[in-house]
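**Student:** model this:
(one chain, ligands or ions: 1)
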Amino acid sequence: MDIMAHSLWSLVLLPGPPSIAKVVFGIAPDVTVFATSLIVQAVKGKMQPGFKTRLEMMEWYNKPENRWVINLYKWTHSLLVWGIILLPLFIYYHFYLNLTPWFLLAAPLHILMDIPTHNNNSFPVQFLTPLSTYKVNGMHWSKPLVFIGNYVLIILAIFFRLFVLRK
Ligand SMILES: [Zn+2]
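**Tutor:** Purely as a prediction, here's the structure:
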């Protein structure tokens, strides 16, 4: 799913007022991978090529020198990895600060939304890394029906939150 949709879903689904923290954690699984990739390319003195098709993009990521991006993506899209990172933070906020850090859940929410909206051809979500290579061959988020349907649902959810729940 695109970064904009992830940001909006984090803001609309998680309790509490809108915050930068919700957006940061909501896009973290993608940004950590693709920002690192851009930096690595820059350090190598190269520009990330522009891709005309998703197939072209995956061919580039599947080259031996770029395959680490796909591997890193598996780790940043693992519910187990995020569980290990977030659990101590959650405990700290909850028991020492007496706050419920809803924003932390934006990262696992990102992964749950990516699982059915990625397919085997384009960054399938191996959400049990490193214990299992299981992945779902879903409907890709860039397909018009999924893309438009997703934004329609986002708009409905925003509407529902603002005017029905009134918060
Ligand atoms: Zn993602």
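
**Student:** outside of the helix or strand bottoming out on mean pLDDT in the chain itself, list whatever touches it.
**Tutor:** Every helix and strand of the chain was ranked by mean pLDDT, DSSP states H and E. The lowest is helix 54-61, at a mean of 90. With Cβ atoms under 8 Å, 6 or more residues apart in numbering as the contact definition, helix 54-61 has outside contacts at 49, 51, 66, 67, 69, 70, 121, 122, 140, 142. All C-beta atoms are positioned from the backbone trio N, CA, C, and that covers glycine.

**Student:** what's the farthest-apart pair in those residues?
**Tutor:** Largest separation among those by Cβ to Cβ: 67 and 142, giving 21.9 Å.

**Student:** and residue 89, what element?
**Tutor:** Taking DSSP states H and E as the definition, one finds residue 89 inside helix 79-91.

**Student:** buried set for that helix?
**Tutor:** Neighbour counts over helix 79-91 (16 or more other Cβ atoms under 10 Å) mark 79, 81, 82, 86, 90 as buried.

**Student:** you'd agree residue 130 is up against residue 84?
**Tutor:** No - the pair residue 130 / residue 84 is not scored as a contact, 11.0 Å apart, by Cβ atoms under 8 Å.

**Student:** before we move on, the earlier item: need the buried residues of helix 79-91 in TSV (columns: pLDDT and distance to the ion).
**Tutor:** Below are the buried residues of helix 79-91 laid out as TSV (pLDDT from 0 to 100; distance: Cβ to the ion, whole Å):
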residue	pLDDT	distance to the ion
79	98	12
81	98	13
82	98	12
86	97	16
90	95	21
